[in-house]
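1. Here is the input, now give the coordinates:
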Amino acid sequence: MQRRQLEFLSNFHVVAGNERSQAAVMVLTKGDSTGGPDNRHQDSDQWLYVVSGEGEAVIQQQRYPLKSGTLLLIERNETHEIINLGNAPLKTVNFYVPPAYHGHEGSPPSHD
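-> Predicted coordinates for the structure are as follows:
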């Protein structure tokens, strides 16, 4: 059993996981983005839940609005970018199945 109190401080941070799944928090400030046309997780599905803020997800070149309460599945190998379009920080909780990041707790996202 694992239990964490989530803190949304800055950037990207893996907060918990095991060999089957992984959780991370992400904070994008006004105008920031992460990912892009080459960003994909070849072996992992990513569930992204928007805690607060507004933005946009670009998945396989399609645009989807993000706002508080949005739950989005980015399937393995789909290219994606997350963009903060609002004035407040865009805060998300992300789950990767299986884990996408190995030995990089606290590191910013990398392109797989």
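
2. all strands for this protein, in order.
-> Counting by DSSP state E, residue ranges of the strands within the chain are 11-17, 22-28, 33-36, 45-52, 54-59, 62-67, 71-74, 80-84, 90-97.

3. low pLDDT regions in the protein?
-> Scanning the chain with the threshold set as pLDDT under 70 gives 103-112.

4. Name the residue most distant from the centre of it?
-> Centroid-distance maximum for the chain: Met1 at 22.8 Å, with CA atoms, centre = their mean.

5. Could you report the separation of that one from Pro99?
-> Taken as CB to CB, to the nearest Å, the spacing of Met1 relative to Pro99 amounts to 18 Å. Any C-beta I mention is one placed from the backbone N, CA and C, and that applies to glycine too.

6. cool, Tyr64 as well?
-> Per CB to CB, Tyr64 is found 24 Å from Pro99.

7. So which residue is smack in the middle of the protein?
-> Centre of the chain computed as the mean C-alpha position; nearest residue by CA atoms, centre = their mean is Asn94, 4.7 Å away.
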